[in-house]
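Undergrad: Quick one, fold the following:
(2 chains)
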2 protein chains.
Amino acid sequence: MLQGPGPADRYAAADIVQHVAPTRFLDLGPGYLDPELVSIDTIGCAYSAALARYGDMALAYGHNQGSLPYRAALARHLTRTDAEPWTPSHLLTTAGTSQALDTLTSAISHPGDVVLTEAPTYDLALNIFRDHGLTVSALACDADGPDPEAMERTVESLRSSGRRVAFAYLIPTFHNPTARLMPTPRRKDLIAAAQRQNLLIVEDDAYADLSLDGTETPPSLTALAKWDGVLRLGTFSKTLAPGLRLGWLGGSPRLCRRLADRGVAHSGGSPSHLTALAVAELMHDGSFVEHLERLRVHLAHRRDALSATLREHLRHDFTLRPVRGGLFTWVELPRWLPEQEAVARASAVGVAVQPGSRFGSPDSAVRLAYSAHPPTHLRSAAARLADVWNQKG
Amino acid sequence: MLQGPGPADRYAAADIVQHVAPTRFLDLGPGYLDPELVSIDTIGCAYSAALARYGDMALAYGHNQGSLPYRAALARHLTRTDAEPWTPSHLLTTAGTSQALDTLTSAISHPGDVVLTEAPTYDLALNIFRDHGLTVSALACDADGPDPEAMERTVESLRSSGRRVAFAYLIPTFHNPTARLMPTPRRKDLIAAAQRQNLLIVEDDAYADLSLDGTETPPSLTALAKWDGVLRLGTFSKTLAPGLRLGWLGGSPRLCRRLADRGVAHSGGSPSHLTALAVAELMHDGSFVEHLERLRVHLAHRRDALSATLREHLRHDFTLRPVRGGLFTWVELPRWLPEQEAVARASAVGVAVQPGSRFGSPDSAVRLAYSAHPPTHLRSAAARLADVWNQKG
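TA: Got it, this is the predicted structure:
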């Protein structure tokens, strides 16, 4: 099967993948992992191992909530890294956060409902919410995240005007796009506010495994709330590979059972069944955690290469948010440098960056992903960016 | 990774897969392929080949509409077996028919809409429709399928009472549960009726590759309509393995682009990206077609083993529908043998069958899947069934 010319020889990358970096550009746009950071052999071996271990069961319709080997391995991993003991009954297999958000929005909201989000927030989630007829209402945020009292007032005001609020969509850990890490006290205050209002929180925790300073991240909102009114979405797209299309939903056993009881699960079983068993192999034999440790070291070097060079060279009226994990650096621009001008100047020196407006940012800013390129390239890009961005007038 | 005790050793089959056959029963219930009919090695090699050929691209976010190698291989396969030339622009990658129906219902219907179905029909699709707030309206069927004039009158009547009709969900080829094969003239009449009413048809074509008599199946509704107002759902769950979670949607290029432009695709790319490239390898090197040829031979033997024995032994007041393809035999029961009694008698001799009421059948009947067991077991089961079912009063 491996010999001879094959279909790959006839197709361009743009025919196969979602996004191809602009030629001759250093693309700091999308939040992708550098393929160099993931071993293709490891993924191939994981599939072989799952097929060898589970045989026919890996190829059958999967358990509606997700196979127990996958959920049990996840529960052990989450228990090691979170504040409460996770069990398989708190978990549901998903085909990644995008599928989970799409299914969840379909299952728990109605067209016309409002979804509350941080401003800025993950831009592509907004399209999913809008596909389901939801109206997005942005929450005022400070350096710690959304203001709990303001969130309560927003919910009360919406409800008093007859609107239904479906849920609040929050990214408390290494926030996309700002890299903000919400401290534990703010987490507790937000949970208390949400519980007072009987408001569901959907916690997008795509970056939780990517703490880059060797420090523990705060407990998840979901664990702090003991699964009461909060659910958590995780993914392997930011730690292994998005092409796997594999993630998980963490919530109360009742919520997980309810979602596993939907028609789509009764008909097709759990999403990504074979793939979930393959990734369970990597979690079971310790190679996922070893991979994460190496990945964090590489990402920390990359973050440092980008942000140290920017800090060293950028004028003092640029603001770099601290980055303790995740994939992104967020640069707030001085008044005299409009966002689109910053993007255009970056482009002129061969660097692609994303404007804050894309994420609904109230501040003029740009997002830079440091995850897709080696440190030398990042240092060079940062020097060029500082050079063109510093030119005032 | 393969040495030593692993998670499989600690889990029961029911922890891993959706359904486990009742112990000591010959389970003719679900429409599963016998694992003996699919080579686990072939699947493993397909993943290895895709990873070797596409490298990083197989692990990245996939092209929103689905990777071209997969869609091109599918288009070639469909062009060989259908009446019109299929192109990649007529295809969208799905994670199987269940995901496709769930996403489609979300994208093109509104809560309160009506969906028209055959009676009986695929039972688990109904749950998906109901999850989205649709009302199911069953169409009167004869031996060829739904009556086109009756379908038109139903649509007119629903609309005149202010109801919106989302689409008609039809399984024209080797229908589940009845195995009915809709002849070409009926297909044309239904398309004409639907087009007069501006009614979308969703054609579930899960069994199209499983013609068992060496004869060509009629053209798909979608090809007959030249993609105008008809879309087609295909899956590898009935030909390779449901654990892959891989299928396709065939429709007009405009519809495929519209679905690929939804937020969930912009965020996560196409479903089952790596898996689709793996299956593209099997289609590209001819091994999928070779597998299909072997599969059809095995399934034909099994169908014959079951139905010849039933025909030979059952009383003449039982009606066996002809089975020219697919996975099922449909037995209509005489008046004196109620459906639940037939199921109970089968159970008493160690055979599990599914009652027609499960599929919304207006006639008293049972569905028997011959796909999961070897011919000797099927002959033995059929003899036992005839023995207990023939006992009148």
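Undergrad: can we go C-alpha only for contacts and neighbour counts from here?
TA: OK.
Undergrad: touching chain B at all, stretch A:84-104?
TA: Yes - Stretch A:84-104 lies within reach of chain B by CA under 8 Å from any CA of the partner chain, at A:95-99, A:102.
Undergrad: quick one: residue A:175 and residue A:169 touch, right?
TA: No - between residue A:175 and residue A:169 there is no contact under CA atoms under 8 Å: 11.7 Å.
Undergrad: more neighbours, these two?
TA: Higher neighbour count among residue A:175 and residue A:169: residue A:175, with 27 against 23, using other CA atoms under 10 Å in any protein chain shown.
Undergrad: show me what contacts that one?
TA: By CA atoms under 8 Å, 6 or more residues apart in numbering or on different chains, residue A:175 lies in contact with A:121, A:181, A:207, A:326.
Undergrad: What distance do you get for it to chain B?
TA: 16 Å (CA to the nearest CA, to the nearest Å).
Undergrad: same check, this time on residue A:171
TA: Taken as CA to the nearest CA, the span from residue A:171 to chain B is 16 Å.
Undergrad: Can you list which of the contacts of residue A:175 are found in helices?
TA: The helices, defined by DSSP state H, take in nothing from these.
Undergrad: Dump the residues you listed into a markdown table; add distance to chain B, pLDDT and neighbour count as well.
TA: Below are the contacts of residue A:175 laid out as a markdown table (distance: CA to the nearest CA, whole Å; pLDDT from 0 to 100; neighbours: other CA atoms under 10 Å in any protein chain shown):
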| residue | distance to chain B | pLDDT | neighbour count |
| --- | --- | --- | --- |
| A:121 | 13 | 98 | 23 |
| A:181 | 23 | 97 | 23 |
| A:207 | 16 | 98 | 23 |
| A:326 | 17 | 98 | 31 |
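Undergrad: Tell me the one of those nearest residue A:137?
TA: Comparing the contacts of residue A:175 against residue A:137 with CA to CA places residue A:121 closest, at 11.2 Å.
Undergrad: how close does the nearest residue in space to that closest one that is not next to it in sequence get to residue B:379?
TA: Distances taken as CA to CA, 6 or more residues apart in numbering or on different chains put residue A:359 closest to residue A:121, at 5.3 Å, once the chain neighbours are dropped. Applying CA to CA, to the nearest Å, the value for residue A:359 to residue B:379 is 63 Å.
Undergrad: Looking at these two now, which is surrounded by more residues?
TA: Neighbour totals were compared for residue A:359 and residue B:379, and residue A:359 leads with 23 against 20 (other CA under 10 Å).
Undergrad: For that one, give its distance to residue A:178.
TA: For residue A:359, the distance to residue A:178 - CA to CA - is 10 Å.
Undergrad: Need the residues touching each of the two.
TA: Common neighbours of residue A:359 and residue A:178, using CA under 8 Å, 6+ apart, are residue A:120.
Undergrad: In a strand, residue A:233, correct?
TA: Yes - under DSSP: H, G, I helix; E, B strand; the rest coil, residue A:233 sits within a strand.
Undergrad: Would you check that it makes contact with residue A:203?
TA: Yes - under the criterion of CA under 8 Å, residue A:233 makes contact with residue A:203 at 6.1 Å.
Undergrad: Run the chain-centre distance for the helix or strand residue A:51 falls within.
TA: According to DSSP states H and E, residue A:51 maps onto helix A:40-54. Put simply, helix A:40-54 sits 25 Å off its chain's centre (CA atoms, centre = their mean, to the nearest Å).
Undergrad: buried set for it?
TA: For helix A:40-54, burial by neighbour count (16 or more other CA atoms under 10 Å in any protein chain shown) applies to A:40, A:42-51, A:53-54.
Undergrad: if you go through the stretch 51-200 of chain A in chain order, where are the helices?
TA: Counting by DSSP state H, counting those that start in this stretch, the segments of the stretch 51-200 of chain A that form helices are A:56-59, A:68-81, A:97-108, A:123-131, A:148-160, A:184-196.
Undergrad: Let's have those helices in CSV, adding mean pLDDT and mean neighbour count.
TA: Shown next, in CSV, are the helices of the stretch 51-200 of chain A (pLDDT from 0 to 100; neighbours: other CA atoms under 10 Å in any protein chain shown):
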stretch, mean pLDDT, mean neighbour count
helix A:56-59, 97, 24
helix A:68-81, 97, 21
helix A:97-108, 97, 20
helix A:123-131, 97, 20
helix A:148-160, 98, 16
helix A:184-196, 98, 17
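Undergrad: Tell me which of the ones you listed sits nearest to residue A:224.
TA: Nearest of the helices of the stretch 51-200 of chain A (CA to CA): helix A:184-196, 7.1 Å.
Undergrad: nearest spatial neighbour of residue A:167, skipping sequence neighbours?
TA: In space, residue A:167 comes closest to residue A:200 once its chain neighbours are excluded; the distance is 4.8 Å by CA to CA, 6+ apart.
Undergrad: what pLDDT does that neighbour get?
TA: Note for residue A:200: predicted pLDDT of 98.
Undergrad: Then the one 3 residues further on?
TA: Looking at residue A:203, its pLDDT is 98.
Undergrad: who in the stretch 251-393 of chain A is up against chain B?
TA: Counting by CA under 8 Å from any CA, the stretch 251-393 of chain A sits next to chain B at A:262-269, A:271-275, A:281, A:284-285.
Undergrad: Just confirm the residue nearest to residue A:167 contacts residue A:168, I think it does.
TA: Yes - here residue A:200 reaches residue A:168: they are 6.3 Å apart, a contact under CA under 8 Å.
Undergrad: When those two are compared, which one has more neighbours?
TA: Neighbours were counted for residue A:200 and for residue A:168 using other CA under 10 Å; residue A:168 has more, 23 against 19.
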